[in-house]
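J.: compute the structure for the input listed below.
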Amino acid sequence: MNFGIVAEESILDASVSDEDDRLSQIRSDWRKGGVDLSNLKLFEIEMNSSGSLLKIFSLGFNAKN
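T.: This is a model prediction of the structure:
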């Protein structure tokens, strides 16, 4: 929700982590099926104008211009 904010969105903060409760749960759930997700990471991106927080669980990323 942007509450009527009309502005170009930008990134306030971004981080990557390999320790998070939800990340541990995902790894545990998949481990039961024989899938190793030890390289799974949590990427968090906080947006500037809306304060929205994107949480992305991924094995990696590729940035392009």
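J.: what sits against Leu59?
T.: 37, 39-41 (Cβ atoms under 8 Å, 6 or more residues apart in numbering). For the C-beta atoms, the positions are set from N, CA and C on the backbone; glycine is no exception.
J.: now with 6 Å?
T.: Contacts for Leu59 (Cβ atoms under 6 Å, 6 or more residues apart in numbering) come out as 39-40.
J.: what helix or strand is Lys55 on?
T.: strand 53-58 (DSSP states H and E).
J.: partners of that strand, with directions?
T.: strand 41-47 (antiparallel) (DSSP bridges).
J.: can I get the partner strand in CSV, CA atoms only?
T.: Output of strand 41-47 as CSV, limited to C-alpha atoms (Å, rounded to 0.1, in the frame of the first residue of the first chain):
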residue,chain,number,x,y,z
LYS,A,41,19.9,-17.1,1.2
LEU,A,42,17.4,-14.4,2.3
PHE,A,43,17.6,-11.2,0.3
GLU,A,44,15.8,-8.3,1.9
ILE,A,45,15.1,-5.0,0.1
GLU,A,46,13.5,-2.1,1.9
MET,A,47,11.9,0.5,-0.4
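J.: pull out the buried residues from that strand.
T.: 41-42 (16 or more other Cβ atoms under 10 Å).
J.: who touches that strand?
T.: 9, 11-18, 20, 23, 53-57.
J.: how about those residues, which pair is most distant?
T.: Largest separation among the contacts of strand 41-47 by Cβ to Cβ: Glu9 and Asp18, giving 27.0 Å.
J.: neighbours around Gly51, how many?
T.: For Gly51, the count of nearby residues is 12 (other Cβ atoms under 10 Å).
J.: which SS state does it fall under?
T.: coil (DSSP: H, G, I helix; E, B strand; the rest coil).
J.: give me the number of residues near the residue lying closest to it once chain neighbours are set aside?
T.: Spatial nearest neighbour of Gly51, chain neighbours left out: Leu12 (7.9 Å); criterion: Cβ to Cβ, 6 or more residues apart in numbering. Other residues near Leu12 number 14, with proximity taken as other Cβ under 10 Å.
J.: quick check: neighbours of the strand or helix carrying Leu12 in the sheet, parallel or antiparallel?
T.: Per DSSP H and E, Leu12 falls inside strand 11-17. Paired with strand 11-17 in the same sheet, following DSSP bridges, are strand 41-47 (antiparallel).
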